[in-house]
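Enquirer: this is a predicted model, with the sequence first.
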Amino acid sequence: MPELPEVEVVRRGLERWVAGASLGEVAVLHPRSVRRHVRGAADFTASLSGRVVAEVRRRGKYLWLTLDSGDALLAHLGMSGQLLVQPCGADDERHLRVRLPLAVPPDSGPADPRELRFVDQRTFGHLLVDHLVDDGAGEGLPSVITHIARDPLDPAFDDDAFAAALRRRRTGLKRALLDQSLISGVGNIYADEALWAARLHWARPTETLRRPQIDTLLTAVREVMTAALAQGGTSFDSLYVNVNGESGYFERSLNAYGRRDRPCARCGAPIRRETFMNRSSYSCPRCQPVPRGARV
DNA sequence: AGTCCGCCCTGTACGC
DNA sequence: TGCGTACAGGGCGGAC
């Protein structure tokens, strides 16, 4: 499942292939993949054709290509989305949803034509074209994601403001971590990993957290993401950009997620699995005891 | 306004 | 073997 580190790996990989390239005739092979482009699939392709890509940016789990039209091609990978750069003649992937041919300036880049492909088995991901608005720091942000908070690796992320906002919440800690309007980029896997590292239980009432604990938590979030990024960033330098939640790139370093009944790396107690928000939460029963007033 | 639930989707694993 | 069910879960619309 792509969370911030995986999306950042894709962003870095994509940049090399698409910056400076122009888009040819885009083909939408599955309408659901552009469902959030409100003006429809035909408008989606029309607003991309012939546009030149400037740069690839990211906030949390959202990724966008800035275009010479002043708009952006915004992408969210959802659960199973991939953005691949392939030779135009390569066989279609089974779940190819959108095809975006690339043309590079004649005096640069590889001779064989390539295309950007959006592949998405479960179609939770999507693409859309959107105009940019000022994000408050002079940078452009796609208008449909202005409610997405800065992510913890963003230099402009405000720890003080986050701590204050977190304590104003009246909910459980993991629910807050997964709320992309409070802090972005954190999904189920890295939430569990950060909570384990910070020795905090997922149901801890947010308003009872003290500042040192919030700082410990933020440090943990940044460390697990940075470590994953370091692994992912060195895991591929191949022809195409790839992200695959099941790839196992980052599995080796997990301490909690998916480790039911296996010993905690700190204390040896068997990791427990609980159901919460219709998904799994993994934690150590000894290092992360259930707090008073737990919010399930 | 803040909080939270249900739904969307497909492939795999597993019990009977 | 085949069928049914559980599970994976991000983000949003809408209920409360």
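Expert: That came in fine, so what should we check first?
Enquirer: dump the residue contacts of the closest residue to DNA strand B within chain A.
Expert: Residue of chain A nearest DNA strand B, by C-beta to the nearest atom of the strand: residue A:171 (3.2 Å). C-beta: built from backbone N, CA, C; applies to glycine. Counting by C-beta atoms under 8 Å, 6 or more residues apart in numbering, residue A:171 touches A:205, A:206, A:295.
Enquirer: kindly report the residues of chain A close to DNA strand B.
Expert: Residues of chain A that fall close to DNA strand B, judged by C-beta under 7 Å from any atom of the strand: A:32, A:79, A:94-95, A:121-124, A:168-172, A:175, A:277-278, A:295.
Enquirer: for ChimeraX, what selects the buried ones among those?
Expert: In ChimeraX syntax, the buried subset of the residues of chain A next to DNA strand B is picked out as below (16 or more other C-beta atoms under 10 Å):
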select /A:95,123,169,172,175,295
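Enquirer: that older thread, model confidence for the residue of chain A closest to DNA strand B, exactly?
Expert: Note for residue A:171: predicted pLDDT of 92.
Enquirer: also residue A:292?
Expert: Note on residue A:292: pLDDT of 89.
Enquirer: that's a strand at it, yeah?
Expert: No - applying DSSP: H, G, I helix; E, B strand; the rest coil, one finds residue A:292 to be coil, outside a strand.
Enquirer: number of residues surrounding it?
Expert: Neighbourhood size, residue A:292 [other C-beta atoms under 10 Å]: 8.
Enquirer: and it, what does it touch?
Expert: Residue A:292 neighbours (C-beta under 8 Å, 6+ apart): residue A:208.
Enquirer: swap in 10 Å and give it another go.
Expert: A:204, A:205, A:208 (C-beta atoms under 10 Å, 6 or more residues apart in numbering).
Enquirer: of all those residues, which comes closest to residue A:254?
Expert: Looking at the contacts of residue A:292 and their distance to residue A:254, the nearest is residue A:204, at 21.0 Å (C-beta to C-beta).
Enquirer: my guess is that closest one contacts residue A:176. True?
Expert: Yes - Residue A:204 lies in contact with residue A:176 (C-beta atoms under 10 Å); the separation is 9.5 Å.
Enquirer: does residue A:274 really touch residue A:281, like I thought?
Expert: Yes - contact criterion C-beta under 10 Å: residue A:274 and residue A:281 qualify, at 5.0 Å.
Enquirer: look at these two and report which has more neighbours.
Expert: Legend: neighbour count by other C-beta under 10 Å for residue A:274 and residue A:281, higher for residue A:281 (21 against 13).
Enquirer: and the helix or strand that one falls within, what does it pack onto?
Expert: Taking DSSP states H and E as the definition, residue A:281 sits inside strand A:279-283. When contacts are defined as 3 or more C-beta pairs under 10 Å, 6 or more residues apart in numbering; DSSP states H and E, strand A:279-283 packs onto helix A:173-177, helix A:188-198, strand A:272-276.
Enquirer: in JSON lines: the ones you listed, plus distance to residue A:74.
Expert: Converted to JSON lines, the helices and strands packed on strand A:279-283 look like this (distance: least, C-beta to C-beta, whole Å):
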{"stretch": "helix A:173-177", "distance to residue A:74": "23"}
{"stretch": "helix A:188-198", "distance to residue A:74": "22"}
{"stretch": "strand A:272-276", "distance to residue A:74": "30"}
